[in-house]
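> Requesting a structural model of the entry that follows:
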Amino acid sequence: MQSFLPRLSLPDGPQMSLRPKFGGLPWGLPVDLWPRCSGCGQALHLLAQLPSNTPGLNGPSGHALHIFACRWMGECDNLGGEPGHDAVLWVPEGELGQGLTPFPWRDGDDVLPDDLTNRVPPPTHRSDVLTQTRARCVAAEIWVTGYDAFDDGVPEDLHFAFYDDDLFFAMEEDEANPKGFDVRFSTKFGGAPYWGGDGPGFGGTKPDMRQVLQIGGMMCLAETPDRLPEPYDQFRDSGHHLAPTWFGKSSVDKRSYLDFDASPWEGGPVHVMQRPNGSYALVECR
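Residues are numbered from 1 along each chain as shown. I've put the predicted structure just below:
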């Protein structure tokens, strides 16, 4: 089946217009459209903003796809795309404004995730806690600079087996994981889902779903910087970008990788699925 592999890059300057990207802040999104979690009430985190001409999306022309999910793990148990813990929005590009939309904190939004002290050095004052908490509302921003079509190794007539636990685990290893566990292919558009060793995890069959894209927990960059470029750190301080929790260069393939934290479950991918009626679901696998 045909899939599209995005070429990924760190921001090389301020964003000046709508562009395909993962993480960061949305370009021009009206603040009243920014969804909130039905569980904890906090604003959801942006995982991706993608124009409709992105290969594999097949969305309405002239719209931009926005993918949100709750990442306040101290407050929510959001495994498996429960209703209200994530949101997928198509917004007409004509309704988008100019500039990045600030994260929509409300008055009184001072709920602190329980795991905060495990993620940052213990702060001295409560105001420091809030500052560090609010810095986490923006995922590391990664720009998409192009796409490469490739065969994902799954025949069309075997596609249904990737949505059934029993059928998936009955396949040979090279059928179930045609690219092995190569993280370069963990972020892709279209094709069959690459589940990894734990499989679909549906507890049954989900034949009404078909993958639109999957967002990996580890991103492979098209270029190979030895360190985060200086502008990335500068923008992070202004709230435009947040540095990843891990960044490094592989000694094996000499590629640069960073931790995107798409899913809170040990770096697993997030699968964006579409049903026949056009609605979407986010499936997060441990």
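
> in the chain, which spans are strands?
Assigned by DSSP state E, the strands in the chain fall at 2-9, 21-22, 45-51, 63-69, 86-92, 142-151, 188-189, 210-215, 218-220, 247-249, 256-259, 270-274, 280-284.

> will you turn the ones you listed into CSV that also has mean neighbour count, distance to P104 and mean pLDDT?
In short, each C-beta sits where N, CA and C put it, glycine included. Formatted as CSV, the strands of the chain follow (neighbours: other C-beta atoms under 10 Å; distance: least, C-beta to C-beta, whole Å; pLDDT from 0 to 100):
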stretch, mean neighbour count, distance to P104, mean pLDDT
strand 2-9, 20, 27, 94
strand 21-22, 24, 19, 94
strand 45-51, 23, 11, 93
strand 63-69, 24, 11, 94
strand 86-92, 18, 13, 94
strand 142-151, 16, 22, 94
strand 188-189, 24, 28, 96
strand 210-215, 23, 22, 92
strand 218-220, 22, 26, 84
strand 247-249, 15, 28, 66
strand 256-259, 20, 25, 75
strand 270-274, 23, 22, 90
strand 280-284, 21, 20, 84
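
> Using a markdown table, please lay out the ones you listed together with distance to L29.
Below are the strands of the chain laid out as a markdown table (distance: least, C-beta to C-beta, whole Å):
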| stretch | distance to L29 |
| --- | --- |
| strand 2-9 | 21 |
| strand 21-22 | 13 |
| strand 45-51 | 8 |
| strand 63-69 | 7 |
| strand 86-92 | 7 |
| strand 142-151 | 17 |
| strand 188-189 | 21 |
| strand 210-215 | 18 |
| strand 218-220 | 22 |
| strand 247-249 | 27 |
| strand 256-259 | 24 |
| strand 270-274 | 18 |
| strand 280-284 | 17 |
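
> out of those strands, nearest to P200?
P200 sits nearest to strand 280-284 of all the strands of the chain, at 8.0 Å, using C-beta to C-beta.

> Go through the strands of the chain and name the closest to D198.
Once these are compared by C-beta to C-beta, strand 280-284 is nearest, at 11.3 Å.

> Direction included, what does the closest one pair up with?
In the sheet, strand 280-284 lines up against strand 270-274 (antiparallel) (DSSP bridges).

> got the angle between the partner strand and strand 63-69?
Strand 270-274 and strand 63-69 meet at an angle of 130 degrees, taking axes from the mean of the first three to the mean of the last three C-alpha atoms, to 10 degrees as the criterion.

> In PDB, list the C-alpha atoms belonging to strand 270-274.
Provided in PDB are the C-alpha atoms of strand 270-274 (Å, rounded to 0.1, in the frame of the first residue of the first chain):
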ATOM      1  CA  VAL A 270      -0.600   8.000  17.900                       C
ATOM      2  CA  HIS A 271      -2.700   6.600  15.100                       C
ATOM      3  CA  VAL A 272      -5.300   9.000  13.600                       C
ATOM      4  CA  MET A 273      -8.100   6.800  12.200                       C
ATOM      5  CA  GLN A 274     -11.100   7.800  10.100                       C
END
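
> contacts for that strand?
Strand 270-274 has contacts (C-beta atoms under 8 Å, 6 or more residues apart in numbering) with 47, 67, 69, 88, 193, 206, 209-215, 262-263, 280-285.

> when you compare where it runs with where strand 45-51 runs, what's the angle?
Using the same axes, to 10 degrees: strand 270-274 against strand 45-51 is 50 degrees.

> just use 40 as the starting number from now, easier for me
Sure thing, new numbering starts at 40, so read that last one as strand 309-313.

> Now do strand 309-313 and strand 249-254, the angle between them.
Going by the same axes, to 10 degrees, strand 309-313 makes 160 degrees with strand 249-254.
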